[in-house]
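>>> Sharing a sequence plus its predicted fold:
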Amino acid sequence: HIRPGRVLQVVDNQGVIKASCCGLFSDVDEPDKLPPVYQFSFGGANNFYMPHEDEEIWVLFFDDNP
């Protein structure tokens, strides 16, 4: 599944974030209590984008992967 989301907090310089995502993670929750969201590389190991707070993102998730 893929859903729209928004970056709430940038956790580290590796691109790990905390995010809101419709139906998954609320934007009213404290970011520290949300699970980390990791980047997915679509074009190989050399593709990297540093996310910024309040950016819109797409969140890819699987029902069988908690």
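Yes, it's here. Numbering: from 1, shown residues only.
>>> For the longest strand belonging to the chain, which strands pair with it and how are they oriented?
Taking DSSP state E as the criterion, the chain has its longest strand at strand 2-10. Strand pairing for strand 2-10, determined by DSSP bridges: strand 17-21 (antiparallel), strand 56-60 (antiparallel).
>>> so which of these gets nearest residue 30?
Shortest distance between residue 30 and the strands paired with strand 2-10, using C-beta to C-beta, is found for strand 17-21: 9.0 Å. (Glycine included, C-beta is placed from N, CA and C.)
>>> can I get the CA coordinates of the closest one in PDB?
What follows is strand 17-21, C-alpha atoms only, in PDB (Å, rounded to 0.1, in the frame of the first residue of the first chain):
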ATOM      1  CA  ILE A  17      12.300  10.500   9.800                       C
ATOM      2  CA  LYS A  18       9.200  10.500  11.900                       C
ATOM      3  CA  ALA A  19       6.100  11.200   9.800                       C
ATOM      4  CA  SER A  20       2.300  11.500   9.800                       C
ATOM      5  CA  CYS A  21       0.500   9.300   7.400                       C
END
